[in-house]
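> here's my sequence, what's the structure:
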Amino acid sequence: MFNRIAVLISLTFLLQHECLSQDRTIIPFTGIRYFSEGISAKSVEVRVDGSTLLNNRIPLNKEFEIRLQSATGFTGDRSTVFAAVEVSFVSMKGDVAFKLPNAFQDKAAIGFPAAAFKESVLKLVLKPEYVKTDPVCTVKLRYYDLKGKNQLRLEFPISIARPGEVLQTSKLVNDVKTTPPFMGKSAVVKIKNVNVTVDTSIRVNPKMAYASLDITGIEGSSISEILSGKESYWVYDDNLNEIKMTDKQLKQVGGAMEENIVNYLSKIPYRLKTVNKSYTVRFRWEGPDKRKVIDIVVTK
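Okay, here's the model as predicted:
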């Protein structure tokens, strides 16, 4: 049955208390929208051929894995967890091309041993009939509790890669420490710290407030490489709908050339000074060869 619908699952979980601190956010690298409604996860990752996917480009007929680490919020006793996951492939127009109510159906009656509940590996294949001629699609996952009302929703916006395109993946992935704590990932390079503040003193556009990301101690790159890389940023509202921004980010790059330690200060315009509410800001830098990536998500 699973081969026919191209959904393969292996599952191990361990209930822990370390989870994503926000109830809704954007996942670095892939841009997955994360909505915690009683169920949370420590991390969410997409892998292809055993490596972490660094963007959201996947070709047709290619298997990929969505890994949910250390989920909490399922009802159950100390020995059993009753978890389910609904899988949907949604077209660019919003039509549901494929839907599976519960990929864990074979465990619905007996549940999963709580002692082994550590990591959920959901293997999917993007079939041509799910997208037809569309350049993009969305994979929607709803992890839910069979014994309660809690759920976790993930929305993975996939951009269809060209045949033969080299996928942007890495085995050298690091967590990025941020102050205050937000979400950050890097590939190949390492970062000492990211200090996040709000700057309302910039005169380039005096009506705007800027998210200030002071990225210090970048190791594994150089000032010239950082300067020749590509920067992108996105701004999202409370419901994680993207807000199109036309203002440019501002940046300052420096460091110790002899030690190859780089400091990068990014100023991202994300709201009017007169607007008193939070937005989610995602910043991404990638090197000229696309092997090195910095991806940071903050809510301010």
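> from here on, just use CA atoms for contacts and neighbour counts.
Will do.
> give the bridge partners for Leu265, please.
Beta-bridge pairing for Leu265 (DSSP bridges): Asp214, Gln252.
> cool, and Glu45?
Under DSSP bridges, the residues paired with Glu45 across the bridge are Arg67.
> tell me how many other residues crowd it.
Residues lying near Glu45 (other CA atoms under 10 Å) number 18.
> can you check Ile218 too?
Ile218 has 22 nearby residues by other CA under 10 Å.
> extract the C-alpha trace of the helix or strand hosting it and format it as PDB.
Per DSSP states H and E: Ile218 is located in strand 208-219. In PDB, the C-alpha atoms belonging to strand 208-219 read as follows (Å, rounded to 0.1, in the frame of the first residue of the first chain):
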ATOM      1  CA  MET A 208      10.800  52.000   8.900                       C
ATOM      2  CA  ALA A 209      11.900  49.900  11.800                       C
ATOM      3  CA  TYR A 210      14.800  47.500  11.000                       C
ATOM      4  CA  ALA A 211      15.600  44.100  12.500                       C
ATOM      5  CA  SER A 212      19.300  44.300  13.400                       C
ATOM      6  CA  LEU A 213      21.200  41.000  13.100                       C
ATOM      7  CA  ASP A 214      24.700  41.300  14.500                       C
ATOM      8  CA  ILE A 215      26.300  38.100  13.300                       C
ATOM      9  CA  THR A 216      29.700  37.700  15.000                       C
ATOM     10  CA  GLY A 217      32.500  35.200  14.700                       C
ATOM     11  CA  ILE A 218      31.800  33.600  11.300                       C
ATOM     12  CA  GLU A 219      34.400  30.900  10.800                       C
END
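> is it true that Phe129 lies in a helix?
No Phe there; residue 129 is Glu. Yes. Assessed by DSSP: H, G, I helix; E, B strand; the rest coil, Glu129 belongs to a helix.
> how about low-confidence regions in the chain?
Across the chain, residues meeting the criterion (pLDDT under 70) sit at 1-19, 21, 76-78, 115-117, 257-259.
> how does it divide into domains?
By the assignment in automatic domain parsing, the chain contains the domains 2-167, 172-299.
> start to end distance for the shortest one?
If I follow you right, that is domain 172-299. Terminal residues of domain 172-299 are spaced 26 Å apart (CA to CA, to the nearest Å).
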